[in-house]
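Sequence first, then the predicted structure, then my questions.
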Amino acid sequence: MIMTEMAKVAVLGAVILAAAGCTPPEPAMVTDPSRARVDAEWTLRTAADDRDAETRMNAMEALSQVAGDKAGRIYMQGLNDPADGVRFVAAIAVGETKYAPAKAKLIQMASDDPKVGEPERRVYTAVLYALYKLDEKSYARGLARLLRDDQWQVRDSAALVLGKMGNPVSINLLKLQLGAEMNNLVKVRIVESLAMLGDPRSLMVLASYTQENSLDQTLIAIDAMANTSANTRDSGFARTLGYLTQPNHPPRVRIRAAGALAQMGHFDKGAYDYVRTALTDPELVLQDAYKGQVAVTPLEVHLTQELAAKSLGLMGQLPAIDALTPALKSSFGPLRVSAARSILQLLPPQSELLPATQPAAPAASQPATKPAAPTTNPATTVHPRPKLNTAGARD
């Protein structure tokens, strides 16, 4: 292959920089930012109406992070969703964004009337949280009972929302339950909430949970460390997360730890390159990690890409949008949502999010009830997923 003059100059420049101990600069973003924004917004709008419940669930969570109360009508739609996981996330989204028009609906869901009351206790915890955030604080008294529920998922959700409420009065209640709790995943959640409420010992305990052999528990602990990092200036979290980005850890642990580090303000170029490769060439990353000893499944590929897309949104590197944009057309709904969320997190804020107009060439989506359709609409392939419980929004 004949090297062009421009290519020769680029190579020579990289060699000179390397000899000087410098890292060549990240190439400039080539994707049109306006086009990327429109496509990402359209992806989230249609994902909220997708036929796959997990995709709808992820879309609600993403919208609460990038659109705030501007997506309130979509959260209202979610409160009526047939899937309890979607109702849970929609209620959390209402609470996070303090979307006041949903208050009347939430009060109905919190009632004992079987015709309008919420039948699922896990969803009920989120309803109580949303009402608390909307200044209906008397409803929160029911969470003490739900923290001792027979179902671990209900206890997990009750612990989650108690931490989100931010009331230190809950510390003793959570500590009592921690002493009696038998489920390891719920234990991590309780410690996370204690740390969010300012309990200093819990910050140290969280770091210890990353040393467990369970992938689920390690990922939850990393999420918890990132979520509570604002409550501490201890550099111990950064050291622990930096260790978890090293090659002796599973790919998803490395990817999530890299995102959590960036979330705490510690950007690492090597970790960024690894995460970007995990999105664009996941088979390469997985095969390198497993050394041919474990078969790489399509599900593992999708989960790796989904987590990589999510972490890239936390790293503040605009050129990552070039890698994220193709993922908007993935057949795997949660990956589309993660890519769209990260694109909107990376782009500069815009005064108006979620425009009513349809983009000229939007990303692929698979709505349950067909909205104004994009120009291309490949069929969705629904993939079964393990219950990782890596976020309060997942069941």
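Cool, got the structure. Just so you know, these numbers come straight off a predicted model, no measurement behind them. Numbering: from 1, shown residues only.

pLDDT score for the spatially closest residue to residue 183 that is not a sequence neighbour?
For residue 183, ignoring the flanking residues on the chain, the nearest one in space by CB to CB, 6 or more residues apart in numbering is residue 152 at 4.3 Å. Bear in mind the C-beta positions are built from the backbone N, C-alpha and C, glycine included. The score at residue 152 is 97. That number is its pLDDT.

OK, contacts around residue 152?
The neighbourhood of residue 152, defined by CB atoms under 8 Å, 6 or more residues apart in numbering, consists of 183, 185, 186.

Just these: which are in helices?
Counting by DSSP state H, the part of the contacts of residue 152 found in helices is 185, 186.

from memory residue 98 sits against residue 136, does it?
No: with contacts defined as CB atoms under 8 Å, residue 98 does not count as touching residue 136, sitting 11.6 Å away.

what's downstream of the lowest-mean-pLDDT helix or strand in the chain, the next helix or strand?
Least confident element among the helices and strands of the chain, by mean pLDDT, DSSP states H and E: helix 5-19 (a mean of 39). Read in the C-terminal direction, the helix or strand following helix 5-19 is helix 33-47, with elements assigned using DSSP states H and E.

so how far is the next helix or strand after that next one off the chain centroid?
Sequence order places helix 53-66 as the next helix or strand after helix 33-47, per DSSP H and E. On the basis of CA atoms, centre = their mean, to the nearest Å, the separation between the geometric centre of helix 53-66 and that of its chain is 9 Å.

and helix 53-66, what other elements does it pack with?
helix 33-47, helix 72-79, helix 84-97, helix 333-346 (3 or more CB pairs under 8 Å, 6 or more residues apart in numbering; DSSP states H and E).

Mind checking what secondary structure residue 198 has?
Classification of residue 198 using DSSP: H, G, I helix; E, B strand; the rest coil returns coil.

on that earlier part again, ok, which of the helices and strands packed on helix 53-66 comes nearest residue 113?
Between residue 113 and the helices and strands packed on helix 53-66, the shortest separation by CB to CB is 15.6 Å, and it involves helix 72-79.

Quick check: mean pLDDT of the closest one?
In this model, helix 72-79 has a mean pLDDT of 97.

Only alpha carbons, please: show that helix as CSV.
Output in CSV follows, covering the C-alpha atoms of helix 72-79 (Å, rounded to 0.1, in the frame of the first residue of the first chain):
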residue,chain,number,x,y,z
GLY,A,72,-42.4,14.0,32.0
ARG,A,73,-45.2,12.8,29.7
ILE,A,74,-43.1,9.8,28.9
TYR,A,75,-42.7,9.0,32.6
MET,A,76,-46.5,9.3,33.0
GLN,A,77,-46.8,6.8,30.2
GLY,A,78,-44.4,4.5,32.1
LEU,A,79,-46.5,4.7,35.3
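
Going by contacts, tell me the helices and strands next to it.
Applying 3+ CB pairs under 8 Å, 6+ apart, one finds that helix 72-79 makes contact with helix 53-66, helix 84-97, helix 103-109.

Please produce CSV containing those, extended by distance to residue 42 and mean neighbour count.
Supplementary listing: the helices and strands packed on helix 72-79 in CSV, determined by distance: least, CB to CB, whole Å; neighbours: other CB atoms under 10 Å:
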stretch, distance to residue 42, mean neighbour count
helix 53-66, 12, 25
helix 84-97, 19, 26
helix 103-109, 27, 18
